[in-house]
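**Student:** Below is the sequence, then the predicted model.
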Amino acid sequence: MNESDFVAALQALAKDPAARGLEDDAAVLALGHDTLVITHDTLVQGVHVREDEDPADIAWKLIAVNLSDLAAKGAAPVGVLVSHMLGEADDRFLGGLRTVIEAFGVPLLGGDTVRAEGRRVWGCTAIGRATHTPVPDRRGARAGDAIYVTGTLGRAMLGLHDRGSGNADDLAYRRPRPLLAEGRALAPLVTAMMDVSDGLLLDASRMAKASSTRFEIDSARVPVADRGRADECMRWGDDYQLLFTVPGEVKIPIEAARIGTVCEGPAGVWLDGRPPAEDEVLGYRH
């Protein structure tokens with residue numbers, strides 16, 4: 001089974017409303033007067049990080065990508081649980097973990113350790129508290145909304161081969177920064193929001209389908225790190241920027257680029273006035 005088929009099968013099992021039909025970045029669970037936002041992500045050596053990645057950078061990225069999912073829900077981090085596969089340079093992983101949890105003020109609450117053969121695997125569950133209800137969803141975009149994205153797409157793609165320079169591209173790949181403050185500022189205003197992890201076009205397609213709308217995107221308005229490779233920048237992923245929709249008249253409180261408009265019609269993403277070909281690769285899939 002490919003990733004989409006497997007998730008579709010899981011959706012038949014995830015009946016609790018907190019799961020949001022497995023169509024969102026996180027589960028949203030109301031508990032008394034609070035609403036918890038819970039997410040989990042996994043990194044695999046040679047797939048999500050380079051085979052010879054510094055474990056300190058792996059620890060940073062593991063926490064950051066989970067906090068990015070909380071940011072997309074406007075949530076404030078409560079804590080993280082970490083699963084670590086023991087191996088070489090565990091002390092480097094511990095150092096990176098200490099750095100990232102201190103940088104974002106998120107407590108380590110627990111987790112698990114294992115040892116096994118083969119590629120190493122790391123997991124993280126992040127728990128957040130909603131700062132606004134209803135919690136932003138992928139499913140709320142409406143025709144007439146404006147589509148925005150933060151930051152510059154494609155920096156991580158360029159940073160993959162710009163190893164250790166410390167410039168913006170290198171850091172975008174090794175040490176992405178979750179946009180927690182921006183997510184909280186946007187939460188009361190957006191109709192839909194998610195983070196861009198698998199490529200702008202694929203993630204926009206997911207949000208459009210969840211909302212039963214068509215996202216029309218103008219490639220010339222998409223902020224990319226290399227205009228000559230704009231198409232790749234929109235499909236490569238690993239950006240961890242925020243993609244969101246708001247009613248057209250709403251003034252947003254953060255810096256972001258308006259890249260298109262939500263329209264009625266067959267659900268999905270259109271780029272520069274055309275739908276993708278049936279076999280077109282929009283972004284990263286397992």
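**Tutor:** Alright, I've got the coordinates. Numbering: from 1, shown residues only.

**Student:** following whichever helix or strand residue 170 is part of, which helix or strand comes up?
**Tutor:** Residue 170 is part of helix 168-174 when elements are defined by DSSP states H and E. Beyond helix 168-174 in the direction of the C-terminus, DSSP H and E gives the next helix or strand as helix 180-186.

**Student:** which helices and strands does the next helix or strand after that following helix pack with?
**Tutor:** Once the chain leaves helix 180-186, the next helix or strand it forms, by DSSP H and E, is strand 192-196. Strand 192-196 is packed against helix 55-71, helix 200-210, strand 241-246, with contacts defined by 3 or more C-beta pairs under 8 Å, 6 or more residues apart in numbering; DSSP states H and E. Quick note: C-beta positions are derived from backbone N, CA and C, even for glycine.

**Student:** May I have the strands that pair with the shortest one, each with its orientation?
**Tutor:** Read it as strand 241-246. strand 146-149 (antiparallel), strand 192-196 (antiparallel) (DSSP bridges).

**Student:** mind putting those in TSV, mean pLDDT included?
**Tutor:** Shown next, in TSV, are those (pLDDT from 0 to 100):
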stretch	mean pLDDT
strand 146-149	98
strand 192-196	98
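
**Student:** Now do the residue nearest to residue 138 when sequence neighbours are not counted against residue 177, distance only.
**Tutor:** Spatial nearest neighbour of residue 138, chain neighbours left out: residue 210 (4.2 Å); criterion: C-beta to C-beta, 6 or more residues apart in numbering. In this view, residue 210 and residue 177 are 26 Å apart by C-beta to C-beta, to the nearest Å.

**Student:** got the contact list for residue 37?
**Tutor:** Each residue near residue 37 by C-beta atoms under 8 Å, 6 or more residues apart in numbering is listed here: 26-29, 70, 73, 75, 127-130, 135.

**Student:** Show me those residues that map onto helices.
**Tutor:** Taking DSSP state H, the ones among these that sit in helices are residue 70.

**Student:** Of the contacts of residue 37, just the buried ones, PyMOL syntax please.
**Tutor:** Buried members of those, defined by 16 or more other C-beta atoms under 10 Å, are picked up in PyMOL with:
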select buried, resi 26+27+28+29+70+73+75+127+128+130+135
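
**Student:** Do you know the pLDDT at residue 286?
**Tutor:** At residue 286, the model reports a pLDDT of 58.

**Student:** Now do stretch 24-37: distance to the chain's middle.
**Tutor:** 18 Å (C-alpha atoms, centre = their mean, to the nearest Å).

**Student:** before we move on, what about stretch 59-72?
**Tutor:** For stretch 59-72, the distance to the chain centre is 8 Å (C-alpha atoms, centre = their mean).

**Student:** what is the rounded mean pLDDT of it?
**Tutor:** For stretch 59-72, the per-residue pLDDT averages 98.

**Student:** Flag the shaky bits of the stretch 151-286 of the chain, pLDDT-wise.
**Tutor:** Residues of the stretch 151-286 of the chain that meet the criterion pLDDT under 70 lie in 286.

**Student:** who's in contact with the residue nearest the centre of the chain?
**Tutor:** Nearest to the geometric centre of the chain sits residue 195, at 3.4 Å (C-alpha atoms, centre = their mean). Shown in contact with residue 195 (C-beta under 8 Å, 6+ apart): 25, 68-69, 71-72, 178-179, 203, 240-243.

**Student:** same thing with residue 89?
**Tutor:** 54-55.

**Student:** hang on, the earlier thing: between residue 210 and residue 177, who's got more neighbours?
**Tutor:** More neighbours surround residue 210 than the other of residue 210 and residue 177, with 20 against 16 (other C-beta atoms under 10 Å).

**Student:** how far away is the more buried one from residue 127?
**Tutor:** Distance from residue 210 to residue 127, by C-beta to C-beta: 23 Å.

**Student:** And the closest residue to residue 66 other than its chain neighbours, what's its pLDDT?
**Tutor:** Spatial nearest neighbour of residue 66, chain neighbours left out: residue 126 (3.8 Å); criterion: C-beta to C-beta, 6+ apart. What the model reports as pLDDT for residue 126 is 98.

**Student:** Pairing partners for the residue nearest to the centre of the chain in the sheet, please.
**Tutor:** Residues in beta-bridge contact with residue 195 (DSSP bridges): residue 242.

**Student:** and the gap between it and residue 32?
**Tutor:** Residue 195 is 28 Å from residue 32, by C-beta to C-beta.

**Student:** Under a three-state scheme, what state does the most far-flung residue of the chain relative to its centre occupy?
**Tutor:** The C-alpha centroid of the chain is most remote from residue 117, which lies 29.2 Å away (C-alpha atoms, centre = their mean). Of the three states, residue 117 takes coil according to DSSP: H, G, I helix; E, B strand; the rest coil.
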